[in-house]
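Novice: how would this look folded up:
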Amino acid sequence: MSWDHLPSHLENRVSGVISAQDKIRRTIIKKEPTHSEICRSVCKYLSDRNIMFMQNNTGQAKYEGKDGRIRTVNFGSKGSADIFVWLPKIFVALEIKTKSDILFIRRNYSKLKQGQMTMNKRNIHIIEQNNFIENLKSIGHDGGFFNTVREVNEFFSGL
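Specialist: Residues are numbered from 1 along each chain as shown. Predicted structure coming up:
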C-alpha cells in the first residue's frame, strides 16, 4: 500500500493498516519528541521571552594533530545540564529528558542512587546529571529535569 498522500513529516509515524467492516483505516501514531526536538522547543520558548540562555553541549571531538596522531578534546562538564538560564539573581540549569527517560528516572532513581542497579553508561550519566543539579541547588540556584515546554513554563512561573 502506498502512503503517497501523507505529508513527508508523517511518513515515519505510520504504524500500519487496520481493516474494520471492509473499510481500511490508517493509523498514525504520534511519535515521542526526541531530545533535540524538546531542546529546540525550550530554546525557542526562552528566546521568545528574551530570557538569557545558552545551550550546553558535552562530548568529545577527535582530530588529527600536526604530527599525524589522533587527538581527543573533551568539552563540557560531565553531568552538566543541557540549557543554562540566567535570571536576575539566579542561575537555572534545565536538563532535558524524553518522556521515557523521565519515567525511567521516576521508577528507578532510588535504586540507582543506592547502587541496586547495573551501573551502565546511561545510569551513570543520570546520577551525574542529578548531582550537578543538586550541587546547584545547594549554593542557592535552581534546576531540574524537564520534558516539555509546559513544564519549563510552570517552573519559571513559580520563581
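
Novice: from here on, just use CA atoms for contacts and neighbour counts.
Specialist: Will do.

Novice: just the CA atoms of stretch 134-149, as PDB, please.
Specialist: As requested, the backbone C-alpha atoms of stretch 134-149 are provided in PDB (Å, rounded to 0.1, in the frame of the first residue of the first chain):
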ATOM      1  CA  GLU A 134      21.700  19.100  43.500                       C
ATOM      2  CA  ASN A 135      25.100  20.900  43.700                       C
ATOM      3  CA  LEU A 136      23.500  24.000  42.100                       C
ATOM      4  CA  LYS A 137      20.600  23.900  44.500                       C
ATOM      5  CA  SER A 138      23.000  23.600  47.400                       C
ATOM      6  CA  ILE A 139      24.500  27.000  46.600                       C
ATOM      7  CA  GLY A 140      21.200  28.800  46.100                       C
ATOM      8  CA  HIS A 141      20.500  28.300  42.400                       C
ATOM      9  CA  ASP A 142      17.900  26.000  40.800                       C
ATOM     10  CA  GLY A 143      17.300  23.400  38.100                       C
ATOM     11  CA  GLY A 144      15.700  20.100  37.300                       C
ATOM     12  CA  PHE A 145      14.700  17.600  34.700                       C
ATOM     13  CA  PHE A 146      12.200  18.800  32.100                       C
ATOM     14  CA  ASN A 147      10.300  17.000  29.300                       C
ATOM     15  CA  THR A 148       8.100  19.700  27.800                       C
ATOM     16  CA  VAL A 149       7.900  23.500  27.300                       C
END
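
Novice: and it, what's its mean pLDDT?
Specialist: The average pLDDT within stretch 134-149 is 94.

Novice: what stretches of this protein score poorly on pLDDT?
Specialist: The chain contains residues with pLDDT under 70 at 1-30.

Novice: next one: the lengthiest helix in it to chain centre, how far?
Specialist: Looking across the chain with DSSP state H, the single longest helix is helix 121-138. Relative to the centre of its chain, helix 121-138 is centred 14 Å away, using CA atoms, centre = their mean, to the nearest Å.

Novice: ok, stretch 128-143 next?
Specialist: The answer for stretch 128-143 is 17 Å, by CA atoms, centre = their mean.

Novice: residues in contact with it?
Specialist: 78, 79, 80, 81, 90, 91, 92, 93, 94, 95, 144 (CA atoms under 8 Å, 6 or more residues apart in numbering).

Novice: repeat that for stretch 37-44.
Specialist: Contacts of stretch 37-44 (CA under 8 Å, 6+ apart): 53, 55, 82, 83, 96, 98, 147, 148, 149, 152.

Novice: right, I'll leave it there.
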